[in-house]
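# next come a sequence and a model predicted from it.
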Amino acid sequence: MSAVLDLFSVLAVLGGCFFFVAGTLGLLRFPDTLSRLHALTKADNLGLGLIVLGLLPRAGSVLGGLKLVLAWALVLLAGAAVSQVIARLARREGSAP
Amino acid sequence: MSTASAYGLLGAVLVGLGLYGVVLQAEPLRRILAFNLLGGGIFLLFGVMARRGAGAGFSGDPVPQAIVITGIVVAFAATALAVHLLLRLQVARDVPAPPEEPRA
Amino acid sequence: MSGAWLLDGVLLLAVPAIALASLLSRRILPALAAFVAYGLLLALVWMRLGAPDVALTEAAVGGGVTGVLLIGAAARLRMPEAEAPPGWPLRLLTALLSLGITAGLAVAVLALPEPAPSLAPQAAAQLAATQLGNPVAGVLLAFRAIDTLLEAVVLVIAVIGIWGMAPDGAWGGRPGPEQLRLAEGPVVLLAMLLPPIGIVFGIYLAWVGADAPGGAFQGGSILAAMWILAWLAGLVRPPRIDSLALRLLVVAGPALFMLVGLAGFVVADGFMAYPAAWTKPVILLVEAALTLSIAVALCLLVAGWPMRRARA
């Protein structure tokens, strides 16, 4: 059972890391603000989500697990709000990169 | 070389970078920014002293750690004072030209 | 701990890189974004140095609140036309001098005495007398309480200094610009959803500081961040600076701290000595008042000086 959980943790965290690397590459390489934001959301939502998912079996207690999920939810909330602001600003200033 | 010494060298590098910025940046806001980079390096040097003094069951000497906490807050107070002085100067320069309202 | 060297290596490369990016970026906003990232990376460095209390302070004050202050200023400041950069002899000279300082510090770091001098054993021996579990809280509120008192007073003086910049006729009004540009949809939503969580977390951080990482500075800056967020979203307005309640809040912490310190002459061994039986409750009371005053002072330091002519 624990071996299965360990495998699940490793796979999920690796998956999360993949999305972080992909999101970072996008942030560095994409041409304009909106597509860079698009790349970043992958790191925030999927990357951090998969890492939290992978760490859940290792949280030790239900409360610890809830804290992990809360951290992810707060990052989602802040990320969504800030992306909106940056996108609006980009639109207002024209399509300048 | 221990991990703490490596971070000590990092602190030394940050002090150098910050100092270069404080002296050479043209815009005042960037000088304030560089001043904060410099401060980060100096606090880090304190942290290295604290880490080397780990003992008695603590992960670091608590005295320099506590001093750094007050230092970070005082650095913020100084930064705020400088930033608002800049904003005030801009309004003061605008005063001789009556039509222009202070920008909100 | 086999992976720790990897984390150390990444931090040792990333921190100077982001500092350099912040210095060299041509436009000011990317430079400030890099500075916020610098503060967060430094917080990780503090964790690696075994100083979670400092890490929390650095992340909240060094990265967060300083970042908001600088970005807000960048949005309001007209950047001067780019002056001609100083000539190469001056740049070379400055680089050499900075390099010299770095080299001197590096030599000093490598030549630090072995074994390192430390006050950790003394702090450990006396910590039981304070009934605190967090040695950093013990230093801040008992062993070196005078430093913390002076630091709280510095915040009050900085607030007075900024208020003193008020133009003629604006004294007494509400600090800061009248209209904030961020007051639209998503930020307003964030400013309504986050503070309930942030206020609980800030108070928790201040409360738990007696026995675990946290304390008045960390909790106070989280509380301040929540108010600043609501302010940026246009949900709250700063009170007028001639409000008596506001002024009392700003000085409550340092004033109580000073009273307790003076009371030490009568009920204990001298200035800033606590009566043995009452040590823990007195420290908690002072810390609560300090948290409140620090939070209010940080908000006021970000908000700035009153700009508009005060309406009676």
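Happy to help now that I have it.

# what's the mean pLDDT across stretch A:55-70?
Mean per-residue pLDDT for stretch A:55-70: 88.

# centre of the chain to it, how far?
Here stretch A:55-70 is found 17 Å from its chain centre; the criterion is CA atoms, centre = their mean, to the nearest Å.

# name the residues of chain A found near chain C, please.
Contact residues (CB under 8 Å from any CB of the partner chain) of chain A with chain C: A:L74, A:L77, A:A78, A:A80, A:A81, A:V82, A:Q84, A:V85, A:R88. Every residue, glycine included, has its C-beta placed from N, CA and C.

# can you give me phi and psi for the fifth one?
Which is A:A81. Here is the backbone geometry of A:A81 (degrees, to the nearest 10): phi -60, psi -50.

# show me the residues of chain A next to chain C that map onto strands.
When DSSP state E is applied, those are split such that none fall in strands.

# filter these down to the buried ones, PyMOL style.
Restricted to buried positions by 16 or more other CB atoms under 10 Å in any protein chain shown, the PyMOL selection for the residues of chain A next to chain C reads:
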select buried, chain A and resi 77+81+82+84+85
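
# can you put the residues of chain A next to chain C in CSV and add pLDDT?
As requested, the residues of chain A next to chain C are exported to CSV (pLDDT from 0 to 100):
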residue, pLDDT
A:L74, 90
A:L77, 88
A:A78, 86
A:A80, 86
A:A81, 85
A:V82, 84
A:Q84, 85
A:V85, 83
A:R88, 83
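
# now check the host helix or strand of C:S293, is it near chain B?
Assessed by DSSP states H and E, C:S293 sits inside helix C:279-303. Yes: Helix C:279-303 is in contact with chain B by CB under 8 Å from any CB, via C:I294, C:L298, C:L301, C:V302.

# for that helix, packing partners?
On a contact count with 3 or more CB pairs under 8 Å, 6 or more residues apart in numbering or on different chains; DSSP states H and E, helix C:279-303 meets helix B:62-94, helix C:66-76, helix C:120-130, helix C:145-163, helix C:185-208, helix C:216-232, helix C:244-267.

# quick one: average pLDDT of that helix?
The average pLDDT within helix C:279-303 is 91.

# equivalent analysis for stretch C:186-195, please.
The average pLDDT for stretch C:186-195 rounds to 88.

# most packed of the helices and strands packed on helix C:279-303?
Burial of these is given as mean neighbour count (mean count of other CB atoms under 10 Å in any protein chain shown); helix C:216-232 ranks first at a mean of 25.

# would that helix count as contacting chain A?
No: judged by CB under 8 Å from any CB, helix C:216-232 makes no contact with chain A; its nearest approach is 9.9 Å.

# so is that helix next to chain B?
Yes: using CB under 8 Å from any CB, helix C:216-232 reaches chain B at C:F217.

# who are the packing partners of that helix?
helix B:62-94, helix C:52-57, helix C:66-76, helix C:185-208, helix C:279-303.

# now render those as JSON lines, adding distance to A:S61.
Converted to JSON lines, the helices and strands packed on helix C:216-232 look like this (distance: least, CB to CB, whole Å):
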{"stretch": "helix B:62-94", "distance to A:S61": "29"}
{"stretch": "helix C:52-57", "distance to A:S61": "20"}
{"stretch": "helix C:66-76", "distance to A:S61": "34"}
{"stretch": "helix C:185-208", "distance to A:S61": "17"}
{"stretch": "helix C:279-303", "distance to A:S61": "27"}
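
# ok, of the residues of helix C:279-303 next to chain B, which come out buried?
Neighbour-count burial (16+ other CB under 10 Å) applied to the residues of helix C:279-303 next to chain B gives C:I294, C:L298, C:L301, C:V302.

# among those residues, which one lies nearest to chain B?
Chain B lies nearest to C:L301 out of those, by CB to the nearest CB, at 3.9 Å.

# who touches the closest residue to the closest one other than its chain neighbours in this structure?
In space, and not counting its chain neighbours, C:L301 is closest to B:A80: 3.9 Å by CB to CB, 6 or more residues apart in numbering or on different chains. Counting by CB atoms under 8 Å, 6 or more residues apart in numbering or on different chains, B:A80 touches C:L69, C:A158, C:I162, C:L301, C:V302.

# adding distance to B:N36, write these out as TSV.
Below are the contacts of B:A80 laid out as TSV (distance: CB to CB, whole Å):
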residue	distance to B:N36
C:L69	10
C:A158	15
C:I162	18
C:L301	14
C:V302	15
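
# follow-up on the earlier one: mind listing what's buried in the helix holding C:S293?
Under the neighbour-count criterion of 16+ other CB under 10 Å, helix C:279-303 has C:279, C:282-284, C:286-303 buried.

# can you give the contact residues for the worst-scoring helix or strand of chain A on mean pLDDT?
Across the helices and strands of chain A, mean confidence by mean pLDDT, DSSP states H and E is lowest for helix A:33-41: a mean of 84. With CB under 8 Å, 6+ apart as the test, helix A:33-41 has contacts from A:A22, A:G23, A:L25, A:G26, A:L27, A:F30, A:G79, A:S83, A:I86, A:A87, A:A90, A:P97.

# show me what contacts the third one?
The reference is to A:L25. A:A39.

# buried residues, the helix or strand harbouring it. List them.
Per DSSP H and E: A:L25 is located in helix A:2-29. By 16+ other CB under 10 Å, the buried positions in helix A:2-29 come out as A:S9, A:A12, A:V13, A:G15, A:G16, A:F19, A:F20, A:G23, A:G26, A:L27.

# roughly how far does the first one sit from C:L29?
Using CB to CB, to the nearest Å, one obtains 39 Å as the distance from A:S9 to C:L29.

# which helix or strand contains the residue of chain C most remote from its centre?
Distance from the C-alpha centroid of chain C, by CA atoms, centre = their mean, peaks at C:P89 (37.7 Å). C:P89 belongs to helix C:88-110 when assigned by DSSP H and E.

# buried ones in that helix?
Along helix C:88-110, these residues count as buried under the neighbour rule (16+ other CB under 10 Å): C:T94, C:A95, C:S98, C:I101, C:T102, C:L105, C:A106, C:V109.

# follow-up on the earlier one: hey, least reliable of the helices and strands packed on helix C:279-303 by pLDDT?
Mean pLDDT values for these show the minimum at helix C:120-130, a mean of 79.

# close to chain B, is it?
Yes: Helix C:120-130 is in contact with chain B by CB under 8 Å from any CB, via C:A120, C:P121, C:A123, C:A124, C:A125.

# and B:R93, how far from chain C?
The gap separating B:R93 from chain C is 9 Å, by CB to the nearest CB, to the nearest Å.

# how about the nearest residue to the one residue sitting closest to the centre of chain A, chain neighbours excluded?
In chain A, the C-alpha closest to the average C-alpha coordinate belongs to A:D44, at a distance of 1.9 Å (CA atoms, centre = their mean). Excluding the flanking residues, the one nearest A:D44 by CB to CB, 6+ apart is A:G79, at 4.2 Å.
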